[in-house]
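Novice: when you get a sec, could you give me coordinates for this:
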Amino acid sequence: AASLNSPEEIRRRYEAFLKINIHFSIVISLIMFFFVDWAVELLYGPGYERVAFIFKLMLPLVLVKSVLLTPSIFLQNVFGMVKTLNIGSFGLAILDIFLCAVFIKPYGIFGAVGAVFTAYFLYMCWMLWLIPKVRELTPFKILGRSFFIIISFVMIYLLMHFLKFGPIAIILPVLILFYIAV
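Specialist: So this is what the prediction gives:
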């Protein structure tokens, strides 16, 4: 990334790297989604099903963190904006600690999940919209589609979980087709 010099080449590489990160994170999230129940039972034994459920709630964070990777690399290596990244990271840490302090006591583990996701999501919004160099490079149409996919997956999962549908793996072909279609 540090060797890129023309604006068109920077834009093309940024978009390609962002797409790869997003698709990779969605695929990894889906794999983790379907195997976390098995992994938790294998590692901890029966009775820890709630851990798998909480882990599944944290999977959208994989997408948010992968979206953050691309602008971070380009800000650091192409534009030399290390100070901006450090200030943002410090702000993220403060916001995360504050939100956890506010939401864990009343909401427990769900408060922690919400706090961490909210902190990272706000950090991502800061990075994508308030840093002009990132905003100019970011293809928001791709991000919108990706978040639509993740939100759809989460809603399908929550419906299946709370409506007590059978094995959740039955929906895998539908999710794969939906992902390819979108």
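Novice: could I get the contacting residues of Ile131?
Specialist: Contact partners of Ile131, counting by C-beta atoms under 8 Å, 6 or more residues apart in numbering, are Pro71, Leu75, Met81, Thr84. Backbone N, C-alpha and C define where each C-beta goes, glycine included.
Novice: poorly predicted segments of this protein, please.
Specialist: 1-2, 161, 165-176, 179, 182 (pLDDT under 70).
Novice: in it, which spans are helices?
Specialist: Using DSSP state H, the helices of the chain run over 7-44, 49-58, 60-77, 82-130, 132-137, 140-162, 172-181.
Novice: packing partners of the longest one?
Specialist: If contacts are counted by 3 or more C-beta pairs under 8 Å, 6 or more residues apart in numbering; DSSP states H and E, helix 82-130 sits against helix 49-58, helix 60-77, helix 132-137.
Novice: what about 10 Å?
Specialist: Judged by 3 or more C-beta pairs under 10 Å, 6 or more residues apart in numbering; DSSP states H and E, the packing partners of helix 82-130 are helix 49-58, helix 60-77, helix 132-137, helix 140-162.
Novice: just send the helices of the chain back as TSV, with mean neighbour count too.
Specialist: Below are the helices of the chain laid out as TSV (neighbours: other C-beta atoms under 10 Å):
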stretch	mean neighbour count
helix 7-44	15
helix 49-58	16
helix 60-77	19
helix 82-130	15
helix 132-137	15
helix 140-162	14
helix 172-181	12
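Novice: ok so, going back, in TSV, list the helices and strands packed on helix 82-130 along with distance to Ile31.
Specialist: Listed next are the helices and strands packed on helix 82-130 as TSV, based on distance: least, C-beta to C-beta, whole Å:
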stretch	distance to Ile31
helix 49-58	12
helix 60-77	11
helix 132-137	29
helix 140-162	13
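Novice: between the ones you listed, which one is nearest to Gly114?
Specialist: helix 49-58 (8.9 Å; C-beta to C-beta).
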